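# the following comprises the amino acid sequence and a computationally predicted model.
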2 protein chains.
Amino acid sequence: MTATTSTLGFAILAVLARADSTGYEIAGRMRHPIGRFWTASYSQIHTDLQRLLAADLVEYATAPGPGPQDKKVYSITAKGLGALRDWVTQPPRPQPERDELVLKTYAAWLADPATLIEMFRTALRQHEERLAEYESAWVAVEERAPAFGTPGFGNMATLRCGLTYERHRAEWCRWMIDQLSRSLEPS
Amino acid sequence: MTATTSTLGFAILAVLARADSTGYEIAGRMRHPIGRFWTASYSQIHTDLQRLLAADLVEYATAPGPGPQDKKVYSITAKGLGALRDWVTQPPRPQPERDELVLKTYAAWLADPATLIEMFRTALRQHEERLAEYESAWVAVEERAPAFGTPGFGNMATLRCGLTYERHRAEWCRWMIDQLSRSLEPS
DNA sequence: TCGGGCATGTAATACGTTACATGATTCA
DNA sequence: TGAATCATGTAACGTATTACATGCCCGA
């Protein structure tokens, strides 16, 4: 009868550990910046929030809000903070990887190389854009040098992951383009 | 009324484009080597195979097999091969990213650094193991230098992606361990 | 003889997305 | 006036996981 909290539940708790928020605001943070490593729609958050409420991991205060209903400002409870802390250091269980581009690559030998080059060039451009975005954010974060124990540490650490990820992706796309180009003009 | 094939459907077609297989064999390939970038259980494959059959993208020949029922050896049809070829060069639609370790990292500032170091050390070890595995496979593949137009090209290209991915992950884990260590012993 | 691999299939449940429904405020 | 943002919530659908059910053959 141990109420198991879903991963999304912990994502919500992680948001509330930083600041009290309405469901709508949580959804906003789920799009950005959390969207890079965890996604959820408002509907899903709403449902999960009810479960967290039932398990006393969050609570809310009502406030007059726009629209017909009151708005509910959620906050994390002491119990919720404890559950979140425990979860953080628990080794992540193996997740199913799903990457459409790599799956296409697996079957790429069947297709037209010139069209494939175009596809990878598009992908490369997107990764380079994101990389540039992350790199400028990195400069800003490095100056501040956020200490462990402050939310800024979480921001820096996840940004660092995004940074090396985009570098890896861009590198791979360039390699793919190079390989495919060679297959077009043999020496 | 255009029967849309799911991504898993194309994964199945990609397997059958390489060799005729039973559903059970497809499930095996879905675990390895495809499991690194696309996962599916037998149940799911079975259901999808029926849809591909209805859409004439695959066909099967019965053969006496173990167990009470005949075994069905599936193969890709000309129509299926055409659909697969078209799909390969279509730009992948943006997928939701979900990475539990990074989500934990986002909330890591709340937890105990020493325990976190342990968690990242475990992750690092796993990535290094996989990297070593991929690197030895790479040596073998580079020698053969598979040409475009052969399935070997798909193997090499996906392996290359795995290689740079594991390097990025290992690098990030080392950075995390370093950062967390600093927070333990301040100068 | 007992477990594991080969091989098929169904059913229940959980998870996630999309569409729907309501309605105030703000800004162009 | 009309779209965008803030804010709640429900319902339908589709996808994915887990458990179940059957049964042969092979090797320890």
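Here it is on my side, so go on. The shown structure was predicted, so the numbers you read here are calculated from the model rather than taken from an experiment. Numbers count the residues shown, from 1 in each chain, chains lettered A, B, ... in the order given.
# let me see the contact set for A:Cys101.
Quick fix: residue A:101 reads Leu, not Cys. A:123, B:92 (Cβ atoms under 8 Å, 6 or more residues apart in numbering or on different chains). (Each C-beta comes from the backbone N, C-alpha and C, glycine too.)
# tell me the SS of it?
For A:Leu101, the assignment made with DSSP: H, G, I helix; E, B strand; the rest coil gives helix.
# likewise for A:Phe153?
Using three-state DSSP, the structure places A:Phe153 in helix.
# likewise A:Glu97?
coil.
# any idea how far A:Val88 is from it?
Taking Cβ to Cβ, to the nearest Å as the measure, A:Glu97 falls 22 Å from A:Val88.
# same check on A:Ile34?
Taken as Cβ to Cβ, the span from A:Ile34 to A:Val88 is 15 Å.
# how about A:Tyr134?
23 Å.
# who does whichever helix or strand A:Cys173 is part of touch, helix- and strand-wise?
Using DSSP states H and E, the element containing A:Cys173 is helix A:151-184. Where contact means 3 or more Cβ pairs under 8 Å, 6 or more residues apart in numbering or on different chains; DSSP states H and E, helix A:151-184 is packed against helix A:113-144, helix B:100-106, helix B:151-184.
# if we go by neighbour counts, what in that helix is buried?
Of the residues in helix A:151-184, A:151, A:153-173, A:175-177, A:179-180, A:183 count as buried by neighbour count, 16 or more other Cβ atoms under 10 Å in any protein chain shown.
# and it with helix B:151-184, angle?
On the basis of axes from the mean of the first three to the mean of the last three Cα atoms, to 10 degrees, helix A:151-184 is oriented at 160 degrees to helix B:151-184.
# so is the closest residue to A:Ala61 other than its chain neighbours in a helix, a strand, or just coil?
Spatial nearest neighbour of A:Ala61, excluding adjacent residues (Cβ to Cβ, 6 or more residues apart in numbering or on different chains): A:Val73 at 5.1 Å. Secondary structure, three-state DSSP: A:Val73 is strand.
# dump the helices and strands packed on helix A:151-184 to CSV, plus mean pLDDT.
Formatted as CSV, the helices and strands packed on helix A:151-184 follow (pLDDT from 0 to 100):
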stretch, mean pLDDT
helix A:113-144, 97
helix B:100-106, 98
helix B:151-184, 98
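# looking at the ones you listed, which is closest to DNA strand D?
Between DNA strand D and these, the shortest gap by Cβ to the nearest atom of the strand is with helix B:100-106, which sits at 13.7 Å.
# how is chain A carved up into domains?
Domain assignment for chain A, taken from automatic domain parsing, gives A:7-89, A:100-184.
# do the shortest one and DNA strand C meet?
What it means is domain A:7-89. Yes. If you take Cβ under 7 Å from any atom of the strand as the test, domain A:7-89 does meet DNA strand C, through A:7-8, A:39-41, A:43-44, A:66-68.
# how much space separates the residue nearest the centre of chain A from B:Leu103?
Closest to where the C-alpha atoms of chain A average out (Cα atoms, centre = their mean) is A:Phe37, at 1.9 Å. Applying Cβ to Cβ, the value for A:Phe37 to B:Leu103 is 6 Å.
# ok, now A:Gly149?
To B:Leu103, A:Gly149 is 19 Å away according to Cβ to Cβ.
# mind listing what's buried in stretch A:38-55?
A:38-40, A:45, A:48-49, A:51-52, A:55.
# what about these, which are in helices?
A:45, A:48-49, A:51-52 (DSSP state H).
# quick one on the thing from earlier: the residue nearest to the centre of chain A touches B:Ala107, doesn't it?
No. Taking Cβ atoms under 8 Å as the definition, A:Phe37 is not a contact partner of B:Ala107, at 11.5 Å.
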